[in-house]
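Q: 3D, please:
(chains A and B)
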Amino acid sequence: MSTTTPKTAFWRGVRDSAPFTLVAGPFALLFGVIATEAGLNLFEVMTFSLAVIAGAAQFTALQLMQENAPTVVVIISALAVNLRVAMYSAALTPYLGRAPMWQRVFAAYLLVDQSYALSHQKFEAEPAMTVSERMGYYMGTCILVMSVWYGASLAGAIIGSALPPQIPIDFALPIAFLAMVAPALRTLPHVIAAFTAVVVSLFAASVPWSLGLIIAGAAGMIAGAQAELWMERRT
Amino acid sequence: MSTLTLWIVIISLGVGSFLLRFSFLGLVGDRPLPPWLLRHLRYTAVAILPAMVTPLVAFSNEAGTGPEPGRLVAALVAVAVGAKTKNVLAAIGSGAAVLTLYILIMG
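A: Next up, the predicted model:
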């Protein structure tokens, strides 16, 4: 079945994105609960989720704020975790770059793992799509996932405020981070990057102002990039 | 954390995340990034996240001198399940289950 109008493309996007709500929902829920447990009120939790829409970056900021890291380190680390969206932006530009500016502003705001993955795959598979059909499909992939994201954040914030304060939820964040990283260890350079970051972070743990995180993260990135170069030269 | 700090972080991350997303789509156009930069960007998440979590696990006992066994095992299980199944939610679930079980058994 080929997509014929922006409207049918939109509904295709909505349908294709349905399974992804099962991923976005629990993350937003967990964020709502943990942020509330950390002392954020409902308005703060919702503004956070609406403004940033990035699970890993939000969790990072929350964790570092609880450790009383300097604000600059909180912001740099959370944005670094979210750098991949710049790569998504680059990957979608050949397909959506000629759309009107106001549409591109909306598309940028809504750019997350799910909308990128679905749309990029679709645009590659169907090169005949027009720009407005592509934009329709893209918006379709966003609308359901975003609704679930907002709704689940709200539900999480409400549940979080109802949980008794004795429940030790602080370790949920480290577990969530590890769970996010493990599936990303696809290649040897990824494993080397992670391993280097782990080792350096142990030695750099006592560096003041939480700079150990930046040092260990940078060391991991350099190690991964060098490992990739080394493997390219060997083949 | 103070309310002011929180709002500085929320606004900075909101603006910063939008600019990251808007960067190419809105401003840069089709020009490609230099390969050396892309090569480093590929490893941001797998480097930053472990760097943040490792000290939280390694110094998780009450004195902050070494790992708390339940948390160490829960962390290792989460990594193992995540790497094996490639399923983030399964990894979170199994890590949380191990920690809960440990707390229940050890008190």
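Q: can you give me the helices for chain B?
A: B:3-22, B:35-41, B:44-58, B:69-85, B:88-106 (DSSP state H).
Q: What about A:Ala152, how many residues nearby?
A: Neighbours of A:Ala152 under the rule other CB atoms under 10 Å in any protein chain shown: 21. From N, CA and C alone the C-beta is placed, and that goes for glycine too.
Q: Verify the stated contact: it with A:Leu22.
A: No: with contact defined as CB atoms under 8 Å, A:Ala152 does not reach A:Leu22; the gap is 10.8 Å.
Q: Identify the residue nearest the geometric centre of the chain.
A: Going with chain A. In chain A, the centroid-proximal residue (CA atoms, centre = their mean) is A:Ala54; its distance is 4.0 Å.
Q: if you could check chain B rather than the one you did, that'd help
A: B:Leu49 (3.8 Å).
Q: Just the mean pLDDT for stretch A:189-197, thanks.
A: The pLDDT scores in stretch A:189-197 average 96.
Q: what about it, near chain B?
A: Yes: using CB under 8 Å from any CB of the partner chain, stretch A:189-197 comes into contact with chain B via A:189-190, A:193-194, A:196-197.
Q: which two from these end up farthest apart in space?
A: Farthest-apart pair in the residues of stretch A:189-197 next to chain B is A:Pro189 and A:Ala197; separation 12.5 Å (CB to CB).
Q: Pick the most buried one from the helices of chain B.
A: Among those, ranked by average contacts under mean count of other CB atoms under 10 Å in any protein chain shown, first place goes to helix B:44-58 (a mean of 26).
Q: For the closest residue in space to B:Gly26 that isn't next to it in sequence, pull up the helix or strand it's in.
A: Nearest residue to B:Gly26 in three dimensions, chain neighbours excluded: A:Arg104, at 5.2 Å (CB to CB, 6 or more residues apart in numbering or on different chains). Taking DSSP states H and E as the definition, A:Arg104 sits inside helix A:101-109.
Q: I figured A:Ile34 hits A:Ile175, correct?
A: No: look at A:Ile34 against A:Ile175 with CB under 8 Å: they stay out of range, at 11.0 Å.
Q: burial measure for A:Val199, as a count.
A: So A:Val199, with other CB under 10 Å, has 17 neighbours.
Q: What of A:Ala219?
A: By other CB under 10 Å, 20 other residues sit near A:Ala219.
Q: Repeat that for A:Ile143.
A: 15.
Q: So which elements touch the worst-scoring helix or strand of chain B on mean pLDDT?
A: Here the helix or strand of chain B ranked lowest by mean pLDDT, DSSP states H and E is helix B:35-41, holding a mean of 82. Using 3 or more CB pairs under 8 Å, 6 or more residues apart in numbering or on different chains; DSSP states H and E, the elements in contact with helix B:35-41 are helix A:84-96, helix A:211-234.
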